[in-house]
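*Asks:* Sequence and predicted structure, then a few things I'm wondering about:
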Amino acid sequence: MRFGIRTLDEVSVRGKTVLCRVDINQPVDRATGTLKSINRIRACVPTVRELADKGAKLVLLAHQYKNYYSTKPHAAVLTQLLGREVKWIDDVCGPAAREAIRGLREGEILLLDNVRFVAEEQTLFEQKLRLSHVEQAKTQVVEKLAPLADLYVCDAFAAAHRDQPSLCGFEQVLPSAMGRLFEQEYCAVSQVMEQPERPCVFVLGGAKIADAFQMMETVLSRGVADTILTGGLVGNIFLAAAGSGIGQGSLDFIYKSNYGEFIEKAKTLYMRYGGKIQLPKDLAWVKDGKRQEALVGEIPAEIAAVDVGYWTAKTYREAILSAGTVFVNGPMGVFEQVASEYGTKAVWQAIADTEGYTVLGGGDSITATEKYELTEKMGYICTGGGALIRFLSGEELPVVRALRHGSAIPEKGA
Ligand code: ADP
Ligand code: MG
């Protein structure tokens, strides 16, 4: 048991029907029906392989949100990665799916179709209906599938912040455990939150402002973060709060994105924790396709800042190199374009170079890591951006709560 949740070391699976919820949601090219990325599929392979090797009759449940596609291409990719057949059926919990589950033999794997094709899963997601976990156990997907199964395993840490039947309902009625990826990711983020090596440095950039502010508030008030290095839109907002000129274009972007209120919030945070929050020393903008930089205080009145500058990257590098822990979410600038990638590239290189334990999450942050070929040099890359941010914002993850419940249900025959 870790964190009150069973691991795969504590369950017996041979000959048992195991429902395993994975998060293999990936961008799909609808025209060709192919996946544009397979990172998440790769990440769940250890759990799938272990369960199948141990002789489970393995049923995989997954959602595909981007483009609402079926999970058929995922089965093909899994088959390739595992080097053994992953069957697929165009049904989630109807008679066809149930018959296929009953027909599974030891070590066989079946991927069901997109769970979000089932109305309850979908409405809970889209309309944010609230159903308790007990009520979720009475939904179609749980009522139809749970009686066929002996064990529920959740390996979907990336979806751990979602309160939906396929994630939180089965744990009410089936003995449950977390998969290897879930265990690994949950441990990595818990370590940052509970006992980070000091100094603990947060690198917060990007454009998801509400998330960044919630996270900052939590990690500062709990004494988790010793230093926060701000960049991207987050940095611009703090500079605006400090009364520094960031250029009218930068301000327009903040107001246009409806982030005006965060300038006030940044003032409050800065007043309370100013010593711990570092602001960019210089900014970059693009004029006629060319990168330009200036120190804060000398920023031209009209520009829109799209990156941090040389001096900021240099200062941040030093803080990162002397850190015991570095948590990273959100790029330092619009790294997608060459003229505005310098800050992100330089800071990411520092993150790769530090001896400290590094945890990085967020879709664009991961894209930047891949772009600069630093994947192997990061301590831990979290597949679950949303779950990670919710967790670091101090929220209890619904799936963690459900798994604790299911971990107390004894296994049949145990
Ligand atoms: P992640 O996906 O890693 O959590 P976000 O989604 O919060 O990160 O932010 C990434 C996006 O923020 C990128 O598309 C990037 O271009 C954009 N961005 C970064 N800096 C700025 C900036 N100064 N102004 C506008 N957009 C920015
Ligand atoms: Mg993003």
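*Replies:* Nice, thanks for sending it over. Residues are numbered from 1 along each chain as shown. Ligands and ions are numbered 1, 2, ... in the order given.
*Asks:* Could you report the separation of residue 119 from residue 172?
*Replies:* 20 Å (Cβ to Cβ, to the nearest Å). C-beta coordinates here come from the backbone N, C-alpha and C atoms, glycine included.
*Asks:* Of the two, which one has the most company?
*Replies:* A direct count of neighbours by other Cβ atoms under 10 Å for residue 119 and residue 172 places residue 172 higher, at 22 against 11.
*Asks:* Surely the more buried one and residue 403 touch.
*Replies:* No. With contact defined as Cβ atoms under 8 Å, residue 172 does not count as touching residue 403 (11.1 Å).
*Asks:* quick one: residue 250 and residue 300, what's the gap?
*Replies:* 11 Å.
*Asks:* More neighbours: which of these two?
*Replies:* Per other Cβ under 10 Å, whichever of residue 250 and residue 300 has more neighbours is residue 250, with 22 against 13.
*Asks:* Against which helices or strands is the helix or strand hosting residue 80 packed?
*Replies:* Using DSSP states H and E, residue 80 sits in helix 72-82. Counting contacts by 3 or more Cβ pairs under 8 Å, 6 or more residues apart in numbering; DSSP states H and E, helix 72-82 is packed against strand 34-35, helix 39-53, strand 86-88, strand 109-111.
*Asks:* quick one: contacts of it?
*Replies:* 24, 26, 28, 33-35, 38, 41-42, 45, 48-49, 52, 60, 62, 64, 85-88, 90, 109, 111, 113 (Cβ atoms under 8 Å, 6 or more residues apart in numbering).
*Asks:* can you tell me which residues contact residue 345?
*Replies:* 335, 368, 372.
*Asks:* Let's see that with 10 Å instead.
*Replies:* 307, 313, 331-333, 335, 338, 368, 371-372, 374 (Cβ atoms under 10 Å, 6 or more residues apart in numbering).
*Asks:* Over to residue 351?
*Replies:* Contacts of residue 351 (Cβ under 10 Å, 6+ apart): 201, 203, 316-317, 320-321, 323, 326-328, 358-360, 365, 369, 372, 374, 377-379.
*Asks:* same thing but 8 Å
*Replies:* Residue 351 neighbours (Cβ under 8 Å, 6+ apart): 203, 320, 326, 328, 358, 360, 374, 378.
*Asks:* Got the phi and psi for the closest residue to residue 133 other than its chain neighbours?
*Replies:* Nearest non-adjacent residue to residue 133, counting by Cβ to Cβ, 6 or more residues apart in numbering: residue 168, 4.9 Å away. Torsion angles at residue 168 (phi, psi; degrees, to the nearest 10) stand at phi -120, psi -10.
*Asks:* Was I right to think residue 168 contacts residue 136?
*Replies:* Yes. Contact criterion Cβ under 8 Å: residue 168 and residue 136 qualify, at 5.4 Å.
*Asks:* And those two? Which one has more around it.
*Replies:* A count of neighbours by other Cβ under 10 Å puts residue 168 above the other of residue 168 and residue 136, at 30 against 25.
*Asks:* for the more buried one, what are its contacts?
*Replies:* 133, 136, 398-399, 401-402.
*Asks:* Kindly report the same for residue 350.
*Replies:* Contacts of residue 350 by Cβ under 8 Å, 6+ apart are 313, 316-317, 320-321.
*Asks:* redo that, cut-off 10 Å
*Replies:* By Cβ under 10 Å, 6+ apart, the contact list for residue 350 reads 203, 229, 313-314, 316-321, 323, 326, 358.
*Asks:* Of those residues, which are in range of ligand 2?
*Replies:* Residues of the contacts of residue 350 in contact with ligand 2 (Cβ under 5 Å from the ion): none.
*Asks:* Can you pick out the ones from these that are in strands?
*Replies:* Using DSSP state E, the members of the contacts of residue 350 that fall within strands are 203, 229, 326, 358.
*Asks:* What is the nearest of the residues you listed to residue 96?
*Replies:* residue 358 (45.7 Å; Cβ to Cβ).
*Asks:* Show me what the closest one bridges to in the sheet.
*Replies:* residue 326 (DSSP bridges).
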